[in-house]
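Visitor: Give the three-dimensional model of this entry:
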Amino acid sequence: MVLSAVVYKPKIVAVNFLACGLGLGPLAALATAVYLTGALTAPVAIAQTVWELQPYRVEIWLGVDATLNQRPKLHEELVRGIGEDLARYVGSIWEWDIRPVEPPLVRRFVVEGEWPKDLWPQHWVGLEHPDKAIVLAVTRSEDGFHRIFARELDLRSQSWGPRVKTGAATTEEILRAAFPLIWEAFCPVARLSSLDLERREGQLRIRAGGLFVRDPSLSLAHTGQIFRIYVRYNDRTGRAVRIVEVPFSYMYVNSLQETGLLAQLVSGLRSPLSARRRGRTEQLFVATKPYMSQTRLLLRDRRQPERPLVAYSVFAQDPSGGRLQYLGQTDAEGAIVIPWQSQSLKVLWVRNGQVPIARLPVALGAVPKVVAEIPSDDERLEAEGILLGVQQELLEVVTRRQLLIARIRRLLQLGQPERARQVFEQLQSLRSRDDLRRYLLTQRKRLVAREPATQKRIDQMFTKTEELLNVYLDPAPINELAAKLRK
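Guide: Sure, this is the predicted structure:
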């Protein structure tokens, strides 16, 4: 079973009767019906408008579970109520229609949270696809309580948005909850008008931002808004060949200006965006929002993705910087659960030992799970432990050595060469620079990292420790004392 492309029409007929009943002519009645129902306008007309004046072409797919009593009546009331609310509150920023969903697909959406691509109607992936498809599903749980789910599919990026839900005890509560849930699931889109790569700031223009919204509380943009970033690769006809989400990359709105939205580029990548559009490539910006109380972060070895990274420390920081907040360590599965915070977008720093190895911006609560494949740093951590032990031993040897050298020199000044030779034997029993060098060489050959960057860090650490040996364990003072004791 696939989704039907047939538009649900009964509400349009009812509105036409209403318009004719008011004494309007056929053309006026048709115009009234188009206005109240939000029927889709011709794609050519939309293509000729500027971005800020383009309304969203939205399909609302309404499904009522077969287990509900008086299902046809409830479906009809929902169609009428949603249409009235859209006309009353949203106005011209949406051009919409409502389509029915068969009960088996309602149940599948409730269970899986989305529909796989093989169930999509053909026009969703066609050249003249709508901008948004919002699914509203009403079902009933075993305790008799009604559950209402809504989720948006942005068809340009072919990405599902947050899955929002609520409960209702009566039919009246279902009708009241339908439109607010649809609007909550709606995620505006924006276009990048300018980008400063050095400052990592850009200007975004919101789709339909120049159109009148009947209810001022239904704003399309606000400070703190978060946009996911997608790159769409098209063929010669404009169809999508490939669409990828830029990982761990977001645009974060700092302020609303007359020229657009001033947004900060927050990314774990060096060059997540291009300042210019290239050929058939599109950069897409889709708003997201937190809808869950937590997000689970899973760390995996980049070279062996099935291998979890255990006991890695995770810290959180605001996008603007500031102090680091310690969140904890990954468990045996390489996972850590991070609760949603007042500011959803956080930069997560991953450390192994004292060295940060990954910077991962994440919109907490916007997704249930995030998997990050990062370089394994276990070999470097082992090297850090070995070299820390060598440095501690070096400190003890240097301290002991300086005391013995000072004592030998004092005994020679007092004319007690025999006692000085006895102390010199203690000095010679200490581990020498060559002893520690041989130990370091053995460990360095053993510790070979899979990641070139990790191996470079290990080599730098060993080189620095060898330089400490050369500075603090210079054999010249000992050779000088040996020469004096032979006289």
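Visitor: what are the bridge partners for the residue nearest to E245 when sequence neighbours are not counted, then?
Guide: Nearest non-adjacent residue to E245, counting by C-beta to C-beta, 6 or more residues apart in numbering: Y230, 5.3 Å away. Just so you know, the C-beta spots here come from the backbone N, C-alpha and C atoms, and that holds for glycine as well. Under DSSP bridges, the beta-bridge partners of Y230 are E245, L284.
Visitor: Can you report how many residues lie near Y230?
Guide: The number of residues packed around Y230, counting by other C-beta atoms under 10 Å, is 21.
Visitor: Over to A363?
Guide: Residues near A363, counting by other C-beta under 10 Å, number 23.
Visitor: Over to the one 3 residues further on?
Guide: Residues within reach of A366, counting by other C-beta under 10 Å, total 22.
Visitor: Make 675 the starting number, not 1.
Guide: With the count now opening at 675, the last piece we talked about shows up as A1040.
Visitor: can you pull the pLDDT of it?
Guide: Looking at A1040, its pLDDT reads 92.
Visitor: which residue ranges form the strands in the stretch 975-1124 of the chain?
Guide: Counting by DSSP state E, counting those that start in this stretch, the stretch 975-1124 of the chain has strands at residues 987-992, 995-1003, 1009-1013, 1019-1026, 1029-1037, 1043-1048.
Visitor: Could you dump the ones you listed into TSV with distance to R1081 and mean pLDDT added?
Guide: Compiled in TSV, the strands of the stretch 975-1124 of the chain are given as follows (distance: least, C-beta to C-beta, whole Å; pLDDT from 0 to 100):
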stretch	distance to R1081	mean pLDDT
strand 987-992	45	95
strand 995-1003	47	93
strand 1009-1013	54	96
strand 1019-1026	43	94
strand 1029-1037	41	91
strand 1043-1048	52	94
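Visitor: Nearest to D1109 among the ones you listed would be which one?
Guide: In terms of C-beta to C-beta, the element of those nearest to D1109 is strand 1029-1037, at 27.9 Å.
Visitor: Could you spell out the sheet neighbours of the closest one, each with its direction?
Guide: strand 1019-1026 (antiparallel).
Visitor: CA atoms only for the partner strand, dumped as CSV, please.
Guide: Listed next in CSV are the C-alpha coordinates belonging to strand 1019-1026 (Å, rounded to 0.1, in the frame of the first residue of the first chain):
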residue,chain,number,x,y,z
LEU,A,1019,22.5,23.8,20.6
LYS,A,1020,25.7,22.7,22.4
VAL,A,1021,29.3,22.1,21.3
LEU,A,1022,30.3,18.8,22.7
TRP,A,1023,34.0,18.3,23.3
VAL,A,1024,35.3,14.7,23.5
ARG,A,1025,38.5,14.1,25.4
ASN,A,1026,40.6,11.0,26.1
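Visitor: got the angle for it vs strand 1009-1013?
Guide: 150 degrees (axes from the mean of the first three to the mean of the last three C-alpha atoms, to 10 degrees).
Visitor: Please tell me how far strand 1019-1026 is from the chain's geometric centre.
Guide: Its chain's C-alpha centre and that of strand 1019-1026 lie 12 Å apart, by C-alpha atoms, centre = their mean, to the nearest Å.
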